[in-house]
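Enquirer: Need the 3D shape of this:
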Amino acid sequence: MEKFVFIFGPQAVGKMTVGQELAAMTGLKLFHNHMTIDLLEPLFGFTPEMWRLTTSFRRDIFQSFAQSDQYGMIFTKVWYFDQQEDWDEIESICDIFRSQGVQIYFVELEADVEERLERNNTPHRLEYKPTKRNVRQSEAHLLSSLENRRLNSAEGEIEAENYLRINNTNMTPKEAALFIKNEFKL
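Expert: This is a model prediction of the structure:
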C-alpha cells in the first residue's frame, strides 16, 4: 500500500534532513516544502501570487502522486496550529491521499530553540533552501514566531491513528529517521 509521511514542526527543526534520511532508508520520495517555494519566490517574491501558485502546484503534485504506483511520499511543512487555514490545508492534502487508499503517517518534530538556531545556518540547510540564505532574516522570523505562532501541537491535539512526536534536539537526522522507519514499519 502506498504511504504518505507528513513531517511537520517549527523552522529549522530538521524536517528536510530527517526526510532525506528517511527517503534514503525506505525508497519513499521526499517532497520538502521549499521545493515549490524556492522555485516560485525568485519570480514572484513572497507575494499572495507566489503562495497561490505554491498551493496549486502542491495540490497537482499530490493528486498525480497519489494516483501513481510509487511506494510513497514524504512531505515536510511548518504547521501553524493557531491558523484554521493550515488545519484545512493539511486536511485537504490528506483527503487527496485517503481518496486513493494511501496510508497516512504524521511525524511531529520538536527541538530546543538553541538547537534550531544552530541548525538554521548549517551549510546543508542553506544549500537546499535558497530563501533561507539571508540567515539574519531567517533567524528573526524563527524568533518572532516563538512569540506569535504555535508551531507544535498541544497534548492530545492530533488524533491521527499513525502519529509520532519526536524531540530530536539531541538526535542526528539518521537516528530520527531510523526511529520513524521502525515505529511505522516503513
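Enquirer: Would you mind giving the secondary structure of the nearest residue to A160 once chain neighbours are set aside?
Expert: Sequence neighbours aside, F106 is the residue nearest to A160 in space, at 4.7 Å (criterion: C-beta to C-beta, 6 or more residues apart in numbering). For glycine as for every other residue, the C-beta is placed from the backbone atoms N, C-alpha and C. What DSSP: H, G, I helix; E, B strand; the rest coil gives for F106 is strand.
Enquirer: Residues in a beta bridge with F106, which ones?
Expert: F6, Y163 (DSSP bridges).
Enquirer: Run a quick neighbour tally on it.
Expert: 22 (other C-beta atoms under 10 Å).
Enquirer: try G101
Expert: By the measure other C-beta under 10 Å, the count of residues near G101 is 9.
Enquirer: now do I90
Expert: I90 has 17 neighbours, counted by other C-beta under 10 Å.
Enquirer: cool, and L186?
Expert: Neighbours of L186 under the rule other C-beta under 10 Å: 19.
Enquirer: Let's check: the centremost residue of the protein is which one?
Expert: T76 (1.6 Å; C-alpha atoms, centre = their mean).
Enquirer: in which helix or strand would I find that residue?
Expert: Element membership for T76 (DSSP states H and E) is strand 72-77.
Enquirer: and that strand, what does it pack onto?
Expert: With contacts taken as 3 or more C-beta pairs under 8 Å, 6 or more residues apart in numbering; DSSP states H and E, strand 72-77 sits against strand 3-8, helix 15-26, strand 29-32, helix 48-66.
Enquirer: Tell me which helix or strand in this protein has the weakest average pLDDT.
Expert: Lowest mean confidence among the helices and strands of the chain (mean pLDDT, DSSP states H and E): helix 123-128, at a mean of 83.
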